[in-house]
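Pasted the sequence and its predicted model underneath.
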Amino acid sequence: MSEHEPPPADEAPEPAPVAAEEQLAFDVADFPGGIHGALEAVLMVVDEPVTSVSLASALERPVADVEAALGELEDGYAAQNRGFTLRQVGGGWRMYSRHEYAPVVERFVLDGQQARLTQASLETLAVIAYRQPVSRSRVAAVRGVNVDGVIRTLLSRGLIEELGHDPESTATLYGTTSYFLERLGLQSLDDLPALAPYLPEVDMLDEIAEGGRG
């Protein structure tokens, strides 16, 4: 085959890869909601205030256009009496629920958290509160069941935290947080009801745990 002849169809060279910048290129004007809808889409997924410059970079629009659109969104939400608003806080913009609706938001959050805290979680939390710092195996020994999933839940809810490691077993030790005290309306752990005498002594927990593994 001559060097000037094109390669057979089944040997045609693959097209050059398209740069990431070209693949992501877009014009916000093509979106159904334009720049306003694009801003809302981004602001709905951020968990902290985002600057106008960052928004402008994401939307590939001038900062002045983005700031004008943000102001229009904020005014529009207020005029429509929406349950949320757009505020500039800490040098950035973020969606917030409107303060007039605080009572219903608070009721929903508190009721939802109470509903999601199962009996198993409450029992595990009680053991940790009264025997902290305590390892996961010792908590499991008191409850008689595996507590790995419950521990993860309590950690994610901010009710307990890691307090270092046991010097002998190197096991992670857990204790309650300030948020735990806040939720119970306590100033300190000293304000907990006197339930500790009804739990096994710490030195007995090792024996129970060892017996369970035997």
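Sure, I can see it.

From here on, just use CA atoms for contacts and neighbour counts.
Fine.

Go ahead and confirm Val53 touches Ala64.
No. At 9.4 Å, Val53 does not count as touching Ala64 under the criterion of Cα atoms under 8 Å.

The two: who's more crowded?
Val53 (16 against 12; other Cα atoms under 10 Å).

contacting residues around that one?
Applying Cα atoms under 8 Å, 6 or more residues apart in numbering to Val53 gives the contacts Val63.

Domain map for this structure?
For the chain, automatic domain parsing gives the domain ranges 10-98, 117-213.

Grab the most central residue of this protein for me.
The centroid of the chain falls nearest to Ser156 when counting by Cα atoms, centre = their mean (8.0 Å).

Nearest to Phe108, out of the domains of the chain?
For Phe108, the closest of those is domain 10-98, at 12.8 Å, according to Cα to Cα.

for the record, mean pLDDT for the closest one?
In this model, domain 10-98 carries a mean pLDDT of 82.

can you offset everything so residue one is 627?
Sure, I'll start numbering at 627, so the last one becomes domain 636-724.

From the chain's centroid, how far away is that domain?
Relative to its parent chain, domain 636-724 has a centroid offset of 22 Å by Cα atoms, centre = their mean, to the nearest Å.

And stretch 787-804, by the same measure?
Worked out by Cα atoms, centre = their mean, stretch 787-804 lies 22 Å from the chain centre.

got the residue ranges for the strands in this structure?
710-715, 718-723, 760-761, 786-791, 798-802 (DSSP state E).
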